[in-house]
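Trainee: structure for the following, please:
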Amino acid sequence: MQLTEMVDKLRIRICQYRILKTGAAEISTHLNAADIVLSLVDLAIKDKRPISKEEENWFRAGYYLSLVFAGSEWEDIQIEFDKIADLVEKAKFFRV
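Mentor: Reported below is the predicted structural model:
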């Protein structure tokens, strides 16, 4: 599966979670970091824009997502997030 497909798949899964949890107090703000990462990856792929040093911090949200989702039916969000973050690093999308 290509990185763009992975990004789209995770974006859909995050949307499903948000819709299901609408109005619930339990939606983690760490999910916002995942949204930001997906947007940064889109910019890197589509606009050939490197991810800045400051923006790299958003890619560390996997740990916090694991605290929120580990062992739940939503655990795949954290797993896919980590896969995307790893691929982005290997593809050298971060600043040069």
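
Trainee: where do the helices of the protein begin and end?
Mentor: With DSSP state H as the criterion, the chain has helices at 3-20, 30-46, 62-69, 75-90.

Trainee: need those in CSV (columns: distance to K53 and mean neighbour count).
Mentor: Backbone N, C-alpha and C define where each C-beta goes, glycine included. Below are the helices of the chain laid out as CSV (distance: least, Cβ to Cβ, whole Å; neighbours: other Cβ atoms under 10 Å):
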stretch, distance to K53, mean neighbour count
helix 3-20, 21, 14
helix 30-46, 12, 18
helix 62-69, 18, 17
helix 75-90, 13, 17
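
Trainee: excluding its backbone neighbours, what's nearest the residue nearest the centre of the chain?
Mentor: Residue closest to the mean C-alpha point of the chain, counted by Cα atoms, centre = their mean, is A34 at 3.3 Å. Computed as Cβ to Cβ, 6 or more residues apart in numbering, the closest residue to A34 that is not its neighbour in sequence is F81, at 5.4 Å.
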